[in-house]
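[1] I'll drop the sequence and a predicted model, then ask my questions.
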Amino acid sequence: MMRLPRFLPSVAIACCSVALPLFSPASVWAQDNPAGKSADVSLKGDVDAFWHYAKTFRYDLAAGQATKILEAKPQPADLLKAFEAVADERKDNLDQWLLRWQQIPQLRDATTQVIAVLAQGHRERRGDQAIIEANIKRLVVSDQAYAIASERLRDSGELAVPMMLDYLRDPTKSQYQSAIRQALIDMGHAALAPLVAALDMPINDRNEGTLLYVVGALGSIGYDVAIPPLVNLAKSADVPAGIKAAAAAALQKMGAADALQQDPAALYYDIAQKYYYNKSAITIPAGSALASLWMWDDSKGLMRHEAPSPIIGDLLAKRAARKALQIDPAREDALALWLAADYGSEVRLPKGAQDPTRSADTPSAHYYGVASGAKYLNMVLARALGDHDTALAMVSVKSLQQIGGESTLFAPQQAGVLVDAMKYPDRIVRFEAAFAAAAALPQTKFDGQERVVPTLAEAVVQNGKPYVLVMLPEDQLNGQVQALKDAGYNAAGATTAEAAAATGLPAVDVILASDANGTEVEKLQKLATQTPRLQGAVLLVITKTQASPFAILAASDPLISVTQATKGDELKAAVADARKKAGSLLLDEKAASDYAMKATELLAQLAISRGQVLDLSAAQGTLLLALEDPRPEIAKASGKTLALMNSKAAQQSLLTRASDAKLDAPMRISMYGSLATSAKFFGNLLEEQDVKTLQNAVTQEPALDVRAAAAEAHGALNLSAAEVKGVLLGAK
């Protein structure tokens with residue numbers, strides 16, 4: 001019987017890993033080949049000439065012919081095909097002759113380079129099942145054949161594993177099985193992902209022997225992703241004794257015997273976390289748009305599916321979290337992780353790409369999220385906030401809006417997550433969290449409730465332009481503020497921390513400061529912790545050098561960024577980069593208007609409701625400003641919301657806007673209507689002069705429809721006969 005090698009012979013190593021003395025084929029063959037030469041008659045003729053000269057000991061001519069071939073830069077697969085055709089016609093063993101010529105000084109360099117190109121051709125052909133099968137069969141020919149075939153199988157990598165397992169499961173191919181087991185071990189990491197998936201094969205007479213091989217191979221390969229399934233096999237009551245013992249031995253071999261003392265569900269959860277954060281031993285090839293997702297199919301065996309690389313971690317995490325739940329259905333953390341990964345696989349899926357685990361009738365992540373309940377969605381949201389995963393935070397909080405209520409969102413240890421979301425640097429997440437809280441109409445107080453209304457007010461004034469608070473020395477302040485306005489930002493500023501915190505900006509996305517005034521920056525940071533509209537803001541510090549203390553802080557804090565830009569497009573880019581680093585999503589004008597409208601409507605609901613505990617006075621100033629918003633729908637909605645607030649300032653501002661002859665009739669009619677609503681709820685809060693202004697509109701307004709609206713507002717004030725008399729006497 002053939003002795004299986006435990007190592008690759010030196011000649012085989014030379015074949016695949018020798019340092020090339022003349023030039024690197026990796027650089028040569030990575031270049032474009034505009035001629036697009038194929039393995040045609042000319043190429044085959046050149047290879048045949050090389051072969052002839054080398055076999056007839058005319059090594060100088062053979063080396064020259066090899067150089068000619070290499071300089072023509074044929075495609076590696078084409079060159080491999082030409083060499084195989086020539087060797088086959090001459091009934092020579094391609095690998096043996098190339099390895100022999102590699103030992104000849106005159107041919108060493110040229111042959112080594114040819115071998116390297118041919119190796120690349122093998123890699124390009126790595127998925128060819130006929131070639132994989134040929135290499136499997138070569139494993140048992142000889143030690144040298146094993147070395148070459150196992151190297152080729154390693155090149156094929158995970159793509160070779162399904163057929164190797166099929167051979168292991170086929171009793172008619174027993175002569176290959178011992179060699180295949182060794183080859184799987186020699187493949188190492190390349191075989192890891194499919195072998196771990198193969199542990200899902202059902203244990204029956206056909207599979208039991210194969211499973212033993214897989215368990216043994218994983219023990220020799222030795223990566224931690226195999227630990228949870230191996231422990232589960234070793235500790236499951238319905239697993240045959242032989243497999244249990246093999247699993248325990250594999251764990252012992254990989255130095256993980258202590259894992260047998262741990263809960264398999266906990267181990268699956270831990271590895272699911274590694275998958276989720278792409279920190280497992282199952283890695284994605286750098287720059288690859290697609291990755292392999294391996295699954296065991298009871299009828300077809302090991303199956304490979306292509307999945308977009310950005311979601312492969314989510315898909316593997318879902319699988320491991322599901323295993324944890326199957327073992328221990330009470331694991332809430334595993335359920336929440338599964339939901340996070342399910343949402344993640346949706347939000348991280350590239351546009352136009354397909355998730356191989358989802359069919360047309362697979363429910364959405366939102367479906368599973370709302371079906372699971374607010375408790376688990378809160379856990380997903382908490383993970384997203386901790387990871388600064390803005391996309392995940394947004395979708396999970398939107399799902400919370402659909403099912404959250406007084407008994408769920410504000411239960412002990414639940415409201416804190418929503419409050420934290422209202423501190424998040426991305427305004428969209430803040431808004432969605434405030435929407436969820438407001439829509440629940442909370443009837444009992446909760447820590448952080450004071451953030452809800454200011455966040456809604458912040459949403460009201462959104463127009464798609466970020467808000468930048470500038471705190472710089474006086475000689476720089478005005479110029480920077482104007483430059484930011486010119487760049488499309490809402491900007492205001494001050495020279496001190498106290499003055500900056502008190503500026504009239506209704507919202508703040510970025511605080512722009514300078515480390516030349518570090519003491520004031522630190523003061524502003526402290527003030528920000530006490531000011532809801534500042535707490536989600538990103539701090540961007542202009543530094544003179546990278547040695548600034550703020551640069552050190554920026555290395556670990558996503559809410560702090562530094563720049564050495566001081567003006568123009570460079571500073572604008574720095575502001576955008578700081579927001580991106582903090583995880584802020586872009587908000588265009590349409591989306592900003594939608595958020596403003598929804599926030600205004602929710603404030604109106606809060607105002608008209610009874611028993612809710614939120615203080616709406618915090619939004620009054622913003623709503624008064626919004627009466628002058630250039631977007632008519634926002635201004636009208638703000639007026640309708642102010643009409644539901646018991647406020648003298650609200651009635652006076654509504655009258656002022658309604659009396660403005662520069663406004664169009666629909667706007668003025670809406671403002672008068674809101675004034676009438678306010679008067680119905682709260683009576684007359686106007687001053688005597690205000691009433692006279694309204695009476696003048698009732699008697700003198702030229703537009704009859706506007707005059708009619710003014711009359712309704714006047715009547716709603718429920719004035720005395722003496723006050724009404726002037727209207728009647730002034731009637732035409």
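    Good, I have the coordinates. Numbers count the residues shown, from 1 in each chain.

[2] Do a quick rundown of the helices in the stretch 251-400 of the chain.
    Taking DSSP state H, counting those that start in this stretch as the test, the helices found in the stretch 251-400 of the chain are 264-276, 309-327, 332-347, 365-372, 374-387, 390-403.

[3] what sits against the residue nearest to residue 256 when sequence neighbours are not counted?
    Counting by CB to CB, 6 or more residues apart in numbering, the nearest residue to residue 256 once its immediate chain neighbours are dropped is residue 227, at 5.2 Å. Using the backbone N, CA and C atoms, a C-beta is placed for each residue, glycine as well. By CB atoms under 8 Å, 6 or more residues apart in numbering, residue 227 lies in contact with 251, 254, 256, 259, 267, 271.

[4] again with residue 502
    Residues near residue 502 by CB under 8 Å, 6+ apart: residue 494.

[5] So, low pLDDT: which residues of the stretch 151-300 of the chain?
    Scanning the stretch 151-300 of the chain for pLDDT under 70 picks out 286-287.

[6] mind redoing it with 50?
    Scanning the stretch 151-300 of the chain for pLDDT under 50 picks out nothing.

[7] Repeat that for the chain.
    For the chain, applying pLDDT under 50 flags the ranges 1-39.

[8] Okay, domains of it per the record?
    By the assignment in automatic domain parsing, the chain contains the domains 193-256, 292-355+364-457, 467-581, 646-729.

[9] start to end distance for the shortest one?
    Taking CA to CA, to the nearest Å, the first and last residues of domain 193-256 lie 19 Å apart.

[10] any idea whether the closest residue to residue 389 other than its chain neighbours is helix, strand or coil?
    Of all residues not flanking residue 389 in the chain, residue 583 sits nearest, at 7.1 Å (CB to CB, 6+ apart). Here residue 583 is recorded as coil under DSSP: H, G, I helix; E, B strand; the rest coil.

[11] coming back round to it: and residue 597, which of the domains of the chain is closest to it?
    Closest to residue 597 of the domains of the chain, according to CB to CB: domain 292-355+364-457, at 11.6 Å.

[12] Can you get me the start-to-end distance on that closest one?
    This stretch, domain 292-355+364-457, spans 47 Å end to end (CA to CA).

[13] Centre of the chain to that domain, how far?
    12 Å (CA atoms, centre = their mean, to the nearest Å).

[14] now swap in stretch 269-282 and tell me
    15 Å.

[15] Could you do stretch 269-286 as well?
    Its chain's C-alpha centre and that of stretch 269-286 lie 14 Å apart, by CA atoms, centre = their mean.

[16] Now that stretch: buried residues?
    Buried residues in stretch 269-286, defined by neighbour count with 16 or more other CB atoms under 10 Å: 269, 271, 272, 273, 274, 275, 276, 278, 280, 281, 282, 284.

[17] mind listing what the second one touches?
    Spelled out, that is residue 271. Taking CB under 8 Å, 6+ apart, we find residue 271 in contact with 224, 225, 227, 228, 280, 320.

[18] repeat that with 6 Å
    225, 228, 320 (CB atoms under 6 Å, 6 or more residues apart in numbering).

[19] For the last one, which non-adjacent residue is closest in space?
    Read it as residue 320. The spatial neighbour of residue 320 that comes closest, neighbours along the chain excluded (CB to CB, 6+ apart), is residue 272 at 3.6 Å.

[20] Specify the local secondary structure of residue 586.
    Per three-state DSSP, residue 586 ends up coil.

[21] Could you measure from it over to residue 120?
    Here the criterion is CB to CB, to the nearest Å. By it, residue 586 lies 43 Å from residue 120.

[22] go on, residue 431?
    53 Å.

[23] Comparing these two, which residue is more hemmed in?
    Taking other CB atoms under 10 Å, residue 431 and residue 120 do not tie; residue 431 has more neighbours (25 against 20).

[24] Which secondary structure element is home to the residue lying closest to that one once chain neighbours are set aside?
    Once flanking residues are discounted, residue 431 sits nearest to residue 459: 4.6 Å by CB to CB, 6+ apart. For residue 459, the host element (DSSP states H and E) is helix 452-460.

[25] Just want the angle from the helix or strand just after that helix to helix 452-460.
    Going down the chain from helix 452-460, the next helix or strand is strand 467-471, by DSSP H and E. If you take axes from the mean of the first three to the mean of the last three CA atoms, to 10 degrees, strand 467-471 sits at 100 degrees to helix 452-460.

[26] Alpha carbons of strand 467-471, in PDB - could you do that?
    Taking Å, rounded to 0.1, in the frame of the first residue of the first chain, the C-alpha atoms of strand 467-471 are listed here in PDB:
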ATOM      1  CA  TYR A 467     -26.400  72.400  10.800                       C
ATOM      2  CA  VAL A 468     -22.900  73.500  11.800                       C
ATOM      3  CA  LEU A 469     -22.100  75.300  15.000                       C
ATOM      4  CA  VAL A 470     -18.900  77.300  14.700                       C
ATOM      5  CA  MET A 471     -16.800  78.300  17.700                       C
END
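
[27] Would you mind measuring from residue 361 to residue 704?
    Residue 361 is 59 Å from residue 704, where distance means CB to CB.

[28] Please read the previous query as pertaining to residue 460.
    Taking CB to CB, one finds residue 460 at 33 Å from residue 704.

[29] Neighbour count: these two, which is higher?
    Taking other CB under 10 Å, residue 460 and residue 704 do not tie; residue 460 has more neighbours (26 against 9).

[30] Hmm, that one is touching residue 600, no?
    Yes - with contact defined as CB atoms under 6 Å, residue 460 reaches residue 600; the gap is 5.5 Å.

[31] Residue 714: which element?
    Taking DSSP H and E as the definition, one finds residue 714 inside helix 704-716.

[32] What residues of that helix count as buried?
    Buried-residue list, helix 704-716, by 16+ other CB under 10 Å: 706, 707, 709, 710, 711, 712, 713, 714, 716.

[33] Using a markdown table, please lay out the domains of the chain together with distance to residue 637.
    Output for the domains of the chain, formatted as a markdown table (distance: least, CB to CB, whole Å):
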| stretch | distance to residue 637 |
| --- | --- |
| domain 193-256 | 54 |
| domain 292-355+364-457 | 12 |
| domain 467-581 | 16 |
| domain 646-729 | 9 |
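
[34] And those domains: which comes nearest residue 177?
    Among those, the nearest to residue 177 by CB to CB is domain 193-256 (7.2 Å).

[35] tell me how far that closest one is from the chain's mean position?
    With CA atoms, centre = their mean, you get 33 Å for domain 193-256.

[36] Out of the contacts of residue 227, which comes closest to residue 666?
    Nearest member of those to residue 666, counting by CB to CB, is residue 271, at 61.6 Å.

[37] Residue 607 versus that closest one, what's the distance?
    In terms of CB to CB, residue 271 sits 51 Å off from residue 607.

[38] and if you look at residue 198?
    Counting by CB to CB, the separation of residue 198 from residue 607 is 62 Å.

[39] now residue 424
    For residue 424, the distance to residue 607 (CB to CB) stands at 26 Å.

[40] If anything else comes up later, I'll come back, but that's it for now.
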